[in-house]
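Participant: quick check, what structure comes out for this input:
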Amino acid sequence: MKSLQDLIDSKPDFVDYLYNDTISQYHKSRTSLFATLIAPEYTTWREEQRAWRETAVLFNQSHHMPVLYVKGPDARKLLEYLTPCTFSNLSTSRAKQYFACTPRGHHIGDCILNYYGEEEGFELISGMPVLNWVRYNGETGGYNVSFTFDPTTPYAKDGQRSKFRFQLEGPNARAILDEICEGGWPEIRFFHTAYVSIAGVKVHVLRHGMAGHAGAELAGPFKDLDKVRDAILAAGEKHGLLQAGTRTYYSTPLEDGWIPYPLPGIYTGEELRAYREWLPADSWEANMQLGGSLYSDNVEDYYWTPSALGYDKLVKFDHDFIGREAIEAQFQGPRRVKRVLRWNHEDVMKILGSQLGDGPVYKAIDMPTAYFGWPQADEVHSADGSLIGMSQYCGYNINEREFLSLCGIDEAFAAPGTEVVLTWGEVNGGSRKPHVERHEQTTIRATVHTAPFSKAAQEKLRAVI
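Facilitator: Modelled structure (predicted):
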């Protein structure tokens, strides 16, 4: 079996295959792939969550994010054609949240894009579905471009990567950066970039936040990882800096409202057959792992659009791009938008309590992240039982003392304060996924809120806008 299309053709029910038989890269990364590189917890995930709100936290992003370097005379032309994002403000001093869609306007994937000038070209960080889409179009579309792929550490030659990457976050992050950067921390606007020197190492910095607070991403030569990390930790000790493990890292979307790794909308449509024939049968896309209460025999029911992901503000119709007509049509009619659901405390306690004594046992709510698919798709219903949305990412945030989930919901039900009902647990007592226990389905009442949920993140967003 050579291609994703071959794999799809071999399965009588491809949704059933994705729902029951795959093991996602996320679940692999939580277990054997990265456990020896980054600890699940350095203190406890609760204290590490508190640190990004109260003091400062250091995330190590050096090992789990693939990177694609794109250069050549047609690099800009290629990347601009593949995205609804504008390139009119392209600059070596600012980054972009870059995403791509199919000809029918379904989301494929997103990443961070850095531009280093015509000679060095572009750097696309994380998001395998969009990296694969860029490579495919560049290789088959007649573009004069070259690619260099930097895989995650477990798949890198000799375990060596091109760059280390850290995220320093929290109210004390600025004081730490002022101390470790030679000459002090430069004033950088949100999502803008600059170079600084830390412990004698030239470091590229991106001003942005992951957990909804002031922060910066720091990147430099991989060989200098320990030198820079040691400098950060030494300076951060008196500021309450904690290292954050993978359990904490994967819980950050609940504060910043970013929906990670939606199912790419590439499994259907004759116009994408050639792409599916290009993708290997063991690709990232072939190992997406559906989970949750939504079970449909139509894989397109799991697809997302830019507005449902909250990317409508990034869409600019100032250039031609793949999916433009479809997205223009989406913007004209009723659509789904991104929201946060605050789960009802009594219903959460009902599920937690079902683990004790007699009676039905509901799907356990793991903490801090409670999802068991990659991606997860849970049904969201209105009061009258109509299906009105899809909840994807869920878990617990100790700073808010809440169980939350991120969702795409029909505009008619998206007003803050609207009461909805989420179905929790999988159909027929649970799928065949080895990490899903036998359980019964139940429901959770929830309240609609704008994204991001945390007041701290909202204030940061207002300051940026």
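Participant: so where's the chain uncertain?
Facilitator: Within the chain, the segments meeting pLDDT under 70 span 1, 26-34, 210-214, 455-465.
Participant: got the domain boundaries for it?
Facilitator: 34-65+158-256, 282-302+334-464 (automatic domain parsing).
Participant: Tyr396 and Ile365, how far apart?
Facilitator: 8 Å (CB to CB, to the nearest Å). For glycine as for every other residue, the C-beta is placed from the backbone atoms N, C-alpha and C.
Participant: can you check Ser405 too?
Facilitator: 11 Å.
Participant: for Cys407, same thing?
Facilitator: Counting by CB to CB, the gap from Cys407 to Ile365 is 16 Å.
Participant: and Ile188, by the same measure?
Facilitator: 39 Å.
Participant: sorry, back to before: so Ser405 and Ile365 - more neighbours on which side?
Facilitator: The residue with more neighbours, out of Ser405 and Ile365 and counting by other CB atoms under 10 Å, is Ser405; that gives 25 against 18.
Participant: from what I can see the more buried one touches Leu341, true?
Facilitator: Yes: using CB atoms under 8 Å, Ser405 is in contact with Leu341, at 4.7 Å.
Participant: list the residues that are in contact with both of those two.
Facilitator: Ser391, Leu422, Ala446 (CB atoms under 8 Å, 6 or more residues apart in numbering).
Participant: just the closest of those to His439, please.
Facilitator: Leu422 (15.2 Å; CB to CB).
Participant: show me the contacts for that closest one.
Facilitator: By CB under 8 Å, 6+ apart, the neighbours of Leu422 are 293, 341, 343, 378-381, 391, 405, 443-446.
Participant: which ones among those residues lie within strands?
Facilitator: The strands, defined by DSSP state E, take in Leu341, Trp343, Asp378, Glu379, Val380, His381, Ser391, Ser405, Thr443, Ile444, Arg445, Ala446 from the contacts of Leu422.
Participant: looking at these, which is nearest Thr152?
Facilitator: Out of the ones in strands among the contacts of Leu422, the member with the shortest distance to Thr152 (by CB to CB) is Ser405, at 27.0 Å.
Participant: the closest one pairs with what?
Facilitator: As for beta bridges, Ser405 partners with Leu341, Cys394 under DSSP bridges.
Participant: overlap in contacts, Tyr396 and Ile365.
Facilitator: Common neighbours of Tyr396 and Ile365, using CB under 8 Å, 6+ apart, are Phe403.
Participant: neighbour-wise, which of the contacts of Leu422 leads?
Facilitator: Neighbour max across the contacts of Leu422 (other CB under 10 Å) = Ser391, 31 neighbours.
Participant: quick check, that residue in contact with Cys407.
Facilitator: Yes: contact criterion CB under 8 Å: Ser391 and Cys407 qualify, at 4.0 Å.
Participant: overlap in contacts, the two.
Facilitator: With CB under 8 Å, 6+ apart as the test, Ser391 and Cys407 both reach Leu341, Val380.
Participant: what's the burial count for Thr268?
Facilitator: 18.
Participant: residues touching it, list them.
Facilitator: Counted by CB under 8 Å, 6+ apart, Thr268 has contacts Val299, Glu300.
Participant: I'd assumed it was in a strand, is it?
Facilitator: No: counting by DSSP: H, G, I helix; E, B strand; the rest coil, Thr268 falls outside a strand, being coil.
Participant: can you tell me how far it is from Gln376?
Facilitator: Going from Thr268 to Gln376 by CB to CB gives 21 Å.
Participant: same deal with Glu300?
Facilitator: Using CB to CB, we find Glu300 at a distance of 17 Å from Gln376.
Participant: neighbour count: the two, which is higher?
Facilitator: Taking neighbours as other CB under 10 Å, Glu300 and Gln376 compare with Gln376 leading, 21 against 14.
Participant: check contacts around that one.
Facilitator: Contacts of Gln376 by CB under 8 Å, 6+ apart are Leu290, Gly291, Gly292, Ser391, Gln392, Tyr393, Cys394.
Participant: of these, closest to Asp230?
Facilitator: Using CB to CB, these come closest to Asp230 at Tyr393, 33.2 Å.
Participant: surely that closest one is in contact with Tyr371?
Facilitator: Yes: Tyr393 is within contact range of Tyr371, at 6.0 Å (criterion: CB under 8 Å).
Participant: more neighbours: which of these two?
Facilitator: Tyr393 (25 against 21).
Participant: with adjacent residues omitted, what lies nearest to the more buried one?
Facilitator: Leu406 (4.4 Å; CB to CB, 6 or more residues apart in numbering).
Participant: so what's that neighbour up against?
Facilitator: Contact partners of Leu406, counting by CB under 8 Å, 6+ apart, are 253-254, 257-259, 338-341, 391-394, 451.
Participant: tell me which of those is nearest to Lys163?
Facilitator: Nearest member of the contacts of Leu406 to Lys163, counting by CB to CB, is Trp258, at 21.6 Å.
Participant: give me the number of residues near that closest one?
Facilitator: Counted with other CB under 10 Å, Trp258 comes out at 19.
Participant: likewise Pro416?
Facilitator: Look at Pro416: counted by other CB under 10 Å, it has 10 neighbours.
Participant: before we move on, what about Thr36?
Facilitator: Neighbours around Thr36, by other CB under 10 Å: 10.
Participant: secondary structure element for it, which one?
Facilitator: Using DSSP states H and E, Thr36 falls within no helix or strand.
Participant: ok, now how distant is it from Gln25?
Facilitator: 17 Å.
Participant: same deal with His319?
Facilitator: With CB to CB as the criterion, His319 and Gln25 are 32 Å apart.
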